[in-house]
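# dropping the sequence and predicted coords here.
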Amino acid sequence: MIKIKNEKELNYYIEKYKLNNIFEKDIKKYMELHFFKKGEHIYRCDENINYFYFLVKGRAKVYTISKNGKALLLRFYKPCEIIGDIEIIQEIEKERNKFYSCNVESLDNTIWIGISFDNMKKHVKDDIKFLKYISKSLAYKLCQLGNSSVLNLLYPLENRLASYILALTYDTNSNKDIIEIEMCKLKDIAELLGSSYRHLLRTINALSDKKIIERKRNYIKILDGKKLEDLAGDIYK
C-alpha cells in the first residue's frame with residue numbers, strides 16, 4: 001500500500017462520489033488516499049485491519065477461505081463500495097485489534113479513500129447519517145451474498161468463468177481483449193470458482209472451440225465479447 005499525498009486528487013474523489021454527504025459533519029481531514037497495486041491484498045482474513053475504505057478507482061475481488069483451506073469467490077467490488085462496515089458495527093476486537101472476515105484483493109491497480117478505525121470510532125461511530133448509509137450497504141451485501149451462494153451452486157462453470165474473465169478486463173490501462181492469466185494460477189482460479197483444475201481446463205477449451213475466447217500460453221484473448229457477456233449475466237456483480 002502506498003499513501004498518495006495529493007489533496008487535489010482526494011478532493012476530486014470526495015466530490016465525485018459525494019462522500020461528505022454521508023456524514024453529519026465534515027471529516028475530510030481524516031481521509032487518506034491509498035494506492036494498492038494489482039494482486040495486492042487490501043484486507044486478509046483474520047489479519048489486523050486499520051482502515052475503513054471507500055473504493056474510488058479500479059476493481060477488487062472478495063473471497064473467503066474455509067477451514068479446509070478451500071477458497072471461494074464471493075463477488076467483485078467496484079466504485080464506490082465500502083469495506084470495513086461489518087467491523088465498525090460489530091466492533092470486532094481481539095487484543096485491541098480488529099480482524100476482517102474475508103479476503104479483498106485488487107484485480108487491477110486500485111485507489112481507496114481510507115479513514116483509520118481510531119478516527120472512525122472517535123468521530124463517526126455514533127453518526128446517525130453514516131449509520132443509515134452503512135445499513136443500506138450491509139443490506140445490499142447480504143442480498144449479494146445470498147445470490148452468490150446460489151450462483152456458485154447452480155450456475156455452470158462456463159457462466160462463472162465468463163464473469164471472472166470479464167472482471168479481469170476492467171483495467172482501462174490495458175488491452176481489454178487480452179487477459180494475462182499465468183498457467184500456474186489456473187489451480188487458484190479453479191478453487192475460487194468452486195471447480196476442479198481439470199474441469200476448468202475443459203471449460204476453457206470449450207469456450208475456445210466456440211470461438212468465444214482464444215487460449216494462448218500465458219493469456220486468454222476475447223474473440224466474442226457479446227457472447228461472453230451473455231454467458232456472464234449478473235454473476236458476481
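Perfect, I can see it now. No experiment lies behind these values; they were computed from the predicted model shown.
# for the residue of the chain most remote from its centre, report the pLDDT, please.
Computed with Cα atoms, centre = their mean, the residue of the chain farthest from its C-alpha average is residue 209, at 30.4 Å. As predicted, residue 209 sits at a pLDDT of 93.
# ramachandran coordinates for it?
When read as degrees, to the nearest 10, the backbone of residue 209 gives phi -60, psi -30.
# again with the one 4 residues further on
Note on residue 213: its backbone torsions stand at phi -130, psi 170 [degrees, to the nearest 10].
# contact partners for it?
Taking Cβ atoms under 8 Å, 6 or more residues apart in numbering, we find residue 213 in contact with 165, 204, 207, 220-223, 228. Every C-beta, even on glycine, is put in place using the N, C-alpha and C of the backbone.
# now the helices for the protein?
7-16, 85-90, 117-123, 128-154, 157-167, 186-192, 197-209, 225-232 (DSSP state H).
# tell me the angle the fourth one makes with helix 157-167.
Put plainly, it is helix 128-154. Going by axes from the mean of the first three to the mean of the last three Cα atoms, to 10 degrees, helix 128-154 is angled at 140 degrees with respect to helix 157-167.
# who does helix 128-154 touch, helix- and strand-wise?
strand 71-77, helix 85-90 (3 or more Cβ pairs under 8 Å, 6 or more residues apart in numbering; DSSP states H and E).
# can I get these in a markdown table including mean pLDDT?
Shown next, in a markdown table, are those (pLDDT from 0 to 100):
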| stretch | mean pLDDT |
| --- | --- |
| strand 71-77 | 81 |
| helix 85-90 | 78 |
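# okay, these, which one's buried deepest?
strand 71-77 (a mean of 20; mean count of other Cβ atoms under 10 Å).
# what sits up against that strand?
55, 59-66, 83, 102-104, 107, 144-145, 148, 152, 160, 164, 167, 188, 191-194, 236-237.
# how is the protein partitioned into domains?
2-152, 155-232 (automatic domain parsing).
# which of those has the lowest average pLDDT?
domain 155-232 (a mean of 80).
# I would like the residues contacting stretch 132-148, please.
22, 73-75, 81-82, 85-86, 88-89, 234, 236.
# could I get those as CSV with distance to residue 9?
Below are those laid out as CSV (distance: Cβ to Cβ, whole Å):
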residue, distance to residue 9
22, 20
73, 31
74, 30
75, 27
81, 19
82, 19
85, 24
86, 28
88, 25
89, 30
234, 32
236, 29
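# just the closest of those to residue 37, please.
Closest approach to residue 37 among the contacts of stretch 132-148 (Cβ to Cβ): residue 81, at 19.2 Å.
# show me what counts as buried in stretch 202-211.
Across stretch 202-211, burial judged by 16 or more other Cβ atoms under 10 Å covers 203-204, 207.
# equivalent analysis for stretch 107-119, please.
For stretch 107-119, by 16+ other Cβ under 10 Å, it's 107-115, 117, 119.
# what's the end-to-end length of it?
28 Å (Cα to Cα, to the nearest Å).
# do the same with stretch 33-44
So stretch 33-44: terminal residues 20 Å apart, Cα to Cα.
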